[in-house]
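A.B. asks: sequence-free structure coming up:
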């Protein structure tokens, strides 16, 4: 193996290490969201604390991966495709870290709801439903990142529209609910914030899938419609 | 001027161009937020539409700056300090773009409130107050970026704590308000979302100021307390 080959192998190994870490971080964030939603809907106090405690692990992973990306750029001076991969990683982990924050928010809302011995608000079927879509979007976005597959993004963008619609529907239901029984307004507002956090998770998953299109196609599709996006992927 | 000097001058000019664009983008976002808040609190329908229409300009600036940063990395292979500057720019414009989104959200909430001829909800004094703090944070963060000054960040982090406290206070007031008159719940929820958008703007300004510390000090301070941050700056 000559010197050039050696450098190139080391570079590939560095990139592979970073990609693996992104997927590990993604797995942890997925778990955090699943647990936060379960904690909220089942009222599991131990799980609530676990999610809140684990948020710092997500943050630490972001800081570490960011550092590795900077090292790769400085030492290996990557060109076009590899540079796009690193840019994609840098953007992806920002979204993952913020999804982690949203999971912690959901857990904190669950804590407020259960610690105050509040009256039960029966909106959890809808919350579970919207959360399942958002978690599925994240799962698909991580998969797309792992397989460098831009095809998932159009579907994820459409799922995001569905999440937004479900979110508006939950708000309407919560408003009706509050009007019928004003004593439950505080709890309803906490559920509203949890729903808002889930809606944001959908937005972040959508961002992630758009970075994959950028990585593979070299085209920035962050501010285009789902139809334009499909057109771009088929090119 | 020899070849090396020429390259170096070109590099400095490229970096300077990117920095100028970030400040222009920041100026536009600041204007968008100011107008959105004014539109909300004064009920100016023309201004509401202007803010919503202008959001695509913010997005376009983000895409353009991102592209320039990638070109600089690929062509000029920047080392330590310059690379940190470019990383700071890439992170900063993500936050600026999302602040732009929040400004558009505030405008859309204003549109809902005024188009439906809803009953007046007197929470606008507090909304203006919290918005002024958030706008001031953004202004300081842009200033810190322009002057490469890490010293503002500790104060901005403290202002963010103030914004969070004011936000919780607005929520408590809105809850009391909704309980007293359940017919105003819909409008109160829209104001709540506008307040939430302002609270998020504060978070993004805080992120921006932390990137400046990273740029100047080479230390990632995103997940530390205000006290630890002050210690880091004084080092």
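C.D. replies: Cool, the structure landed. Nothing here was measured: the structure is a model prediction, and the numbers come from that model.
A.B. asks: which helix or strand contains residue A:200?
C.D. replies: Secondary structure assignment for residue A:200, by DSSP states H and E: helix A:185-217.
A.B. asks: so which bits of that helix are buried?
C.D. replies: Within helix A:185-217, the residues scored as buried using 16 or more other C-beta atoms under 10 Å in any protein chain shown are A:185-216. Heads up, the C-betas are built off the backbone N, CA and C, glycines and all.
A.B. asks: quick one: that helix to helix B:185-217, angle?
C.D. replies: Taking axes from the mean of the first three to the mean of the last three C-alpha atoms, to 10 degrees, helix A:185-217 and helix B:185-217 form an angle of 50 degrees between their directions.
A.B. asks: distance from the chain centre to the longest helix seen in chain A, please.
C.D. replies: Counting by DSSP state H, the longest helix found in chain A is helix A:3-42. Helix A:3-42 sits 13 Å away from the centroid of its parent chain (C-alpha atoms, centre = their mean, to the nearest Å).
A.B. asks: the inter-axis angle of that helix versus helix A:185-217?
C.D. replies: 160 degrees.
A.B. asks: may I see the buried residues of helix A:3-42?
C.D. replies: Neighbour-count burial for helix A:3-42 flags A:11, A:14-15, A:18-19, A:21-22, A:25-26, A:28-41 (criterion: 16+ other C-beta under 10 Å).
A.B. asks: residue A:137 touches residue A:162, doesn't it?
C.D. replies: No. With contact defined as C-beta atoms under 8 Å, residue A:137 does not count as touching residue A:162 (9.4 Å).
A.B. asks: give me the more crowded residue out of these two.
C.D. replies: Per other C-beta atoms under 10 Å in any protein chain shown, whichever of residue A:137 and residue A:162 has more neighbours is residue A:137, with 27 against 14.
A.B. asks: now the more buried one. Nearest residue, chain neighbours left out?
C.D. replies: Distances taken as C-beta to C-beta, 6 or more residues apart in numbering or on different chains place residue A:205 nearest to residue A:137, at 3.8 Å, with adjacent residues excluded.
A.B. asks: give me the pLDDT for that neighbour.
C.D. replies: If you check residue A:205, the pLDDT there is 98.
A.B. asks: what's the answer for residue A:43, then?
C.D. replies: Reading off the model, residue A:43 has pLDDT 86.
A.B. asks: what residues does chain A put near chain B?
C.D. replies: Contacts of chain A with chain B, taken as C-beta under 8 Å from any C-beta of the partner chain, map to A:56, A:59-60, A:62-63, A:66-67, A:70, A:73-74, A:77-80, A:83-84, A:87, A:90-91, A:94, A:171, A:174-175, A:178-179, A:182-183, A:185-186, A:189, A:192, A:196, A:220, A:222-223.
A.B. asks: mind giving me the ChimeraX select for those residues, buried ones only?
C.D. replies: Provided next is the ChimeraX selection string for whichever of those are buried by 16+ other C-beta under 10 Å:
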select /A:62,66,70,73,74,77,78,83,84,87,90,91,94,171,174,175,178,182,185,186,189,192,196,220,222
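A.B. asks: among the residues of chain A next to chain B, which are in helices?
C.D. replies: Filtering these for helices - DSSP H - leaves A:56, A:59-60, A:62-63, A:66-67, A:70, A:73-74, A:80, A:83-84, A:87, A:90-91, A:94, A:171, A:174-175, A:178-179, A:185-186, A:189, A:192, A:196.
A.B. asks: residue A:65 is in contact with residue A:25, isn't it?
C.D. replies: Yes. Using C-beta under 8 Å, residue A:65 is in contact with residue A:25, at 6.8 Å.
A.B. asks: any common contacting residues for these two?
C.D. replies: Shared contacts of residue A:65 and residue A:25, defined by C-beta atoms under 8 Å, 6 or more residues apart in numbering or on different chains, comprise residue A:93.
A.B. asks: before we move on, back to that, shared neighbours of residue A:137 and residue A:162, anything?
C.D. replies: With C-beta under 8 Å, 6+ apart as the test, residue A:137 and residue A:162 reach no residue in common.
A.B. asks: that older thread, what is the helix holding residue A:200 packed up against?
C.D. replies: Under the contact criterion of 3 or more C-beta pairs under 8 Å, 6 or more residues apart in numbering or on different chains; DSSP states H and E, helix A:185-217 touches helix A:3-42, helix A:80-115, helix A:124-147, helix A:152-180, helix A:226-234, helix B:152-180, helix B:185-217.
A.B. asks: closest one to residue B:115 among those?
C.D. replies: With respect to residue B:115, and counting by C-beta to C-beta, the nearest of the helices and strands packed on helix A:185-217 is helix B:185-217 at 10.9 Å.
A.B. asks: got the contact list for the residue nearest to residue A:137?
C.D. replies: A:95, A:99, A:134, A:137-138, A:140-141, A:156, A:160.
A.B. asks: that one and residue A:198, how far apart?
C.D. replies: 11 Å (C-beta to C-beta, to the nearest Å).
A.B. asks: shared neighbours of those two, anything?
C.D. replies: Common neighbours of residue A:205 and residue A:198 (C-beta under 8 Å, 6+ apart) are residue A:134.
A.B. asks: show the pLDDT at residue A:39.
C.D. replies: Note for residue A:39: predicted pLDDT of 93.
A.B. asks: does residue A:167 touch residue A:201 like I think?
C.D. replies: No. In this structure residue A:167 lies outside contact range of residue A:201 using C-beta under 8 Å: 10.9 Å.
A.B. asks: count of neighbours near residue A:111?
C.D. replies: For residue A:111, using other C-beta under 10 Å, the count is 18.
A.B. asks: just give the nearest non-adjacent residue to it, would you?
C.D. replies: If you skip the residues right next to it in sequence, residue A:111 has residue A:48 as its closest partner in space, 5.1 Å away by C-beta to C-beta, 6+ apart.
A.B. asks: OK, contacts around residue A:21?
C.D. replies: Residues in contact with residue A:21 (C-beta under 8 Å, 6+ apart) are A:61, A:64-65, A:68.
A.B. asks: which among those end up buried?
C.D. replies: Buried among the contacts of residue A:21 (16+ other C-beta under 10 Å): A:61, A:65, A:68.
A.B. asks: still on that earlier bit, show me which of the contacts of residue A:205 is closest to residue B:107.
C.D. replies: residue A:160 (20.8 Å).
A.B. asks: thinking again about what came up before, tabulate the helices and strands packed on helix A:185-217 (a markdown table), appending distance to residue B:126.
C.D. replies: Output for the helices and strands packed on helix A:185-217, formatted as a markdown table (distance: least, C-beta to C-beta, whole Å):
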| stretch | distance to residue B:126 |
| --- | --- |
| helix A:3-42 | 28 |
| helix A:80-115 | 21 |
| helix A:124-147 | 29 |
| helix A:152-180 | 21 |
| helix A:226-234 | 38 |
| helix B:152-180 | 5 |
| helix B:185-217 | 8 |
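A.B. asks: mind telling me which of those the model trusts least?
C.D. replies: Per-stretch mean pLDDT for those is lowest at helix A:226-234 (a mean of 83).
A.B. asks: what is it packed up against?
C.D. replies: When contacts are defined as 3+ C-beta pairs under 8 Å, 6+ apart, helix A:226-234 packs onto helix A:152-180, helix A:185-217.
A.B. asks: which parts of the shortest one are buried?
C.D. replies: By neighbour count, with 16+ other C-beta under 10 Å as the criterion, the buried positions of helix A:152-180 are A:152-157, A:159-160, A:163, A:166-167, A:170-171, A:173-175, A:177-178.
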